[in-house]
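Novice: pasting the sequence and the predicted model now:
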Amino acid sequence: MLDLAITRKRFLLAAALFALASCLSGRGVAAESSNADSPEPEETPKILDLGPPLVDDINDLKKLHAVLPVWIDLKHKQVVLMGETCRANYPLEFLATYPPRGYESILVVQVKPSLVHAGLLRLGAEAGHPARFEPKFEPATGTEVEIEVRWKDQAGKSRRARAQEWVRDIKTKKALELNWVFAGSGFWTDDETGKQVYRADSAGDFISVLNLPTSTLDLPIRSASALESRLFEGFVEHLPPEKTVVTMILKPKLPEKPKSPKTK
């Protein structure tokens, strides 16, 4: 598993290396060593069997964790994870959140945000910073990330959509147009243990639609947190029923590599 007790700088490097090692070995990052630290039982949620992810070729996926439903696809440069829909007929804080923060969101996933962070780093995405509020407001920055959602309807037919189609502007009633950015959350120090903890894992602030200083992904605009000032709500007419299993595909928009000059 990712060792959240290491410093932030070492975490970023180690996360990328662990993700690479797991891809090369075919094992999840949770099993990179028989001597790896194991989480306390209360830190591990009961894992739901969500079935296989809805991807074009499951053989392209390599697990990022031995148990949790999260994978990396190096061929297509994307991170894949699974979750379930919420009712979402309310003003939103999140597109996706992690237990125990399972409300005011469209999706709840059992995948720790730090694992997705590691996967995005492995693909070459760069973490920027979450929204800042002092001395003046600065929106979240980082590599832009496109998010696709896939699910099966009640007839068993596979469906897909841009994640923005599940979020709408409260005033205009139009679907969200912006992509999310890889803000990268941050770390806090546990006073009792002295360990550094990835903030989004602790708070559940995974993929936000309002500005939070702990989000792994956020929108690159000002989006107020006060309930009466929120910009977005669930686009309920587009959403499948509550508890529908959903595959999320996160694809960072990476710069194209320069082409090598042709040799004569």
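Specialist: Thanks, I have it.
Novice: show me where pLDDT drops low in the chain?
Specialist: In the predicted model of the chain, residues 1-46, 100-101, 225-228, 259-264 satisfy pLDDT under 70.
Novice: which residues in it form helices?
Specialist: Using DSSP state H, the helices of the chain run over 8-25, 113-123, 199-203.
Novice: hmm, who's touching the shortest one?
Specialist: Identification of contacts with helix 199-203 by CB atoms under 8 Å, 6 or more residues apart in numbering yields 4, 98, 101, 112-114, 117, 185-188, 205-206, 212, 214-216. Using the backbone N, CA and C atoms, a C-beta is placed for each residue, glycine as well.
Novice: just the buried ones out of those residues, please.
Specialist: For the contacts of helix 199-203, a burial check counting by 16 or more other CB atoms under 10 Å picks out 4, 98, 101, 112-114, 117, 185-187, 205-206, 212, 214-216.
Novice: farthest-separated two in these?
Specialist: Using CB to CB, these span at most 19.1 Å, a distance reached by 4 and 212.
Novice: the strands in the stretch 151-264 of the chain, which residues?
Specialist: 158-162, 167-169, 180-182, 187-189, 196-198, 207-208, 217-218, 232-234, 245-252 (DSSP state E, counting those that start in this stretch).
Novice: and residue 74, which of those is closest to it?
Specialist: Nearest of those to residue 74, taken as CB to CB: strand 245-252 at 12.3 Å.
Novice: circling back: determine which stretch of the strands of the stretch 151-264 of the chain is the most buried.
Specialist: strand 217-218 (a mean of 33; mean count of other CB atoms under 10 Å).
Novice: can I assume residue 158 is in contact with residue 150?
Specialist: Yes. The pair residue 158 and residue 150 qualifies as a contact (CB atoms under 8 Å) at a distance of 6.7 Å.
Novice: am I right that residue 161 is in contact with residue 153?
Specialist: No. Judged on CB under 8 Å, residue 161 makes no contact with residue 153 at a distance of 11.5 Å.
Novice: give me the number of residues near the nearest residue to residue 243 once chain neighbours are set aside?
Specialist: Distances taken as CB to CB, 6 or more residues apart in numbering put residue 84 closest to residue 243, at 5.3 Å, once the chain neighbours are dropped. When neighbours are counted by other CB atoms under 10 Å, residue 84 registers 18.
Novice: now do residue 66
Specialist: 13.
Novice: look up phi and psi at it.
Specialist: Main-chain torsions, residue 66, degrees, to the nearest 10: phi -70, psi -30.
Novice: from here on, call the first residue 43.
Specialist: Sure, I'll start counting at 43 from here, so that last one is residue 108.
Novice: distance check, it against residue 291.
Specialist: Taking CB to CB, to the nearest Å as the measure, residue 108 and residue 291 are separated by 21 Å.
Novice: again, but for residue 244
Specialist: According to CB to CB, residue 244 and residue 291 sit 26 Å apart.
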